[in-house]
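Novice: would you be able to build a 3D model of this:
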Amino acid sequence: MTVEQSLLGKDTNYPNTYQPDILFPISRVQARENYKHVEGIYQGKDWWHIFEISWLNDHGIPQVAIGRMTLPASSEFLIESKSLKLYFNSLNFTQFASKQAFIDTVEKDLSAAAQASVTLTLFQVDELEVAKPQGICIDNQQPDCLVNHPDASLLAFDSEHENFDKSVEIQLYSHLLRSNCPVTGQPDWGTVFIRYQGKKPCYRSILAYIISYRQHNGFHEQCVEQIFADLWQNLQPEKLMVYATYTRRGGLDINPCRVSDESWMPSPVRLARQ
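Specialist: Residues are numbered from 1 along each chain as shown. Alright, predicted model coming up:
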């Protein structure tokens, strides 16, 4: 099935009975075709925060929580976001003997849809802390040129740096990532982190490249993978991590992360905009 056959962008009745079959998997294969040989594309995780989780306990009393879903980048499928929202809403009036029984049911359903092991961690509604971004913010840089669609040729080394060919290790971030949902055209906003080891990159060029996504149509996961692949292929770093924390829509935020080295896998965070 293609994403055009999904419920995304369509008027939909919200189910009030348990409906695991509403989950809509989307194959990752086609979007990865242009960079399928970039090994780090398959290494990492997609973290989702689900802010509208509720079920009934064994006495019929509503329970609420915030969930963090972890989907491996190696999964054959991602799960379309509107179907995920509808799935969690379908659990609102379903009774479970315990919180663990709820988690077990959700993990089984999501793993079946993604064809991979998906985990769910539940937090109390006031438990998930807001973090501050770590690294060097590049948003005050002045790019040499700006374009409207992703252009990897913008990426460059910092040839003005005294020892630009000497390996450095840095973490950069920008709040200026914006792209569009490929089905609805709605804007997606995010903060992107780039941890990098290799010849010193030009910060202006990286910001120009990030800004070039502002009219690009792509799912969150696809945008992060394209950023990772373009940095990897054009700057050829020794190690690389790309992690985007997107703002919430419909009670969900999506946070894909890709790494060339598993030792660089960060811990998931929640930023103020989320």
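
Novice: so which strand or helix has residue 222?
Specialist: helix 220-235 (DSSP states H and E).

Novice: show me where pLDDT drops low in the stretch 1-150 of the chain?
Specialist: 1-12 (pLDDT under 70).

Novice: so where do the helices sit in it?
Specialist: 81-90, 99-114 (DSSP state H, counting those that start in this stretch).

Novice: so which of those helices is the most surrounded?
Specialist: Greatest average neighbour count among the helices of the stretch 1-150 of the chain goes to helix 81-90 (a mean of 21), per mean count of other Cβ atoms under 10 Å. (Each C-beta comes from the backbone N, C-alpha and C, glycine too.)

Novice: and that one, what other elements does it pack with?
Specialist: strand 44-56, strand 252-259 (3 or more Cβ pairs under 8 Å, 6 or more residues apart in numbering; DSSP states H and E).

Novice: distance to residue 180 and mean neighbour count added to these, as CSV?
Specialist: Shown next, in CSV, are the helices and strands packed on helix 81-90 (distance: least, Cβ to Cβ, whole Å; neighbours: other Cβ atoms under 10 Å):
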stretch, distance to residue 180, mean neighbour count
strand 44-56, 19, 20
strand 252-259, 14, 24
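
Novice: nearest to residue 143, of those?
Specialist: strand 252-259 (23.7 Å; Cβ to Cβ).

Novice: tilt between that closest one and strand 44-56?
Specialist: 150 degrees (axes from the mean of the first three to the mean of the last three Cα atoms, to 10 degrees).

Novice: let me see the contact set for the residue lying closest to residue 255 once chain neighbours are set aside.
Specialist: Leaving out its chain neighbours, the residue that sits closest to residue 255 by Cβ to Cβ, 6 or more residues apart in numbering is residue 47, at 4.3 Å. Applying Cβ atoms under 8 Å, 6 or more residues apart in numbering, we find residue 47 in contact with 68, 69, 70, 71, 254, 255, 256, 257, 268.

Novice: just the closest of these to residue 191, please.
Specialist: Distances from residue 191 to the contacts of residue 47, taken by Cβ to Cβ, are shortest for residue 255, at 9.6 Å.

Novice: can you give me the strands for the stretch 51-200 of the chain?
Specialist: Here the stretch 51-200 of the chain has its strands, by DSSP state E, counting those that start in this stretch, at 62-72, 77-79, 119-123, 136-137, 167-180, 187-199.

Novice: okay if I get the ones you listed as a markdown table plus distance to residue 144?
Specialist: What follows is those, written out as a markdown table (distance: least, Cβ to Cβ, whole Å):
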| stretch | distance to residue 144 |
| --- | --- |
| strand 62-72 | 37 |
| strand 77-79 | 35 |
| strand 119-123 | 43 |
| strand 136-137 | 19 |
| strand 167-180 | 16 |
| strand 187-199 | 19 |
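
Novice: mind giving me a markdown table with those strands and columns for distance to residue 129 and mean neighbour count?
Specialist: Formatted as a markdown table, the strands of the stretch 51-200 of the chain follow (distance: least, Cβ to Cβ, whole Å; neighbours: other Cβ under 10 Å):
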| stretch | distance to residue 129 | mean neighbour count |
| --- | --- | --- |
| strand 62-72 | 11 | 18 |
| strand 77-79 | 26 | 21 |
| strand 119-123 | 9 | 16 |
| strand 136-137 | 21 | 14 |
| strand 167-180 | 18 | 18 |
| strand 187-199 | 16 | 21 |
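
Novice: residue 187 bridge partners, please.
Specialist: Counting by DSSP bridges, residue 187 is bridged to residue 180.

Novice: hang on, it packs against residue 179?
Specialist: Yes: the pair residue 187 / residue 179 is scored as a contact, 7.5 Å apart, by Cβ atoms under 8 Å.

Novice: hey, what's in contact with both of the two?
Specialist: Counting by Cβ under 8 Å, 6+ apart, nothing touches both residue 187 and residue 179.
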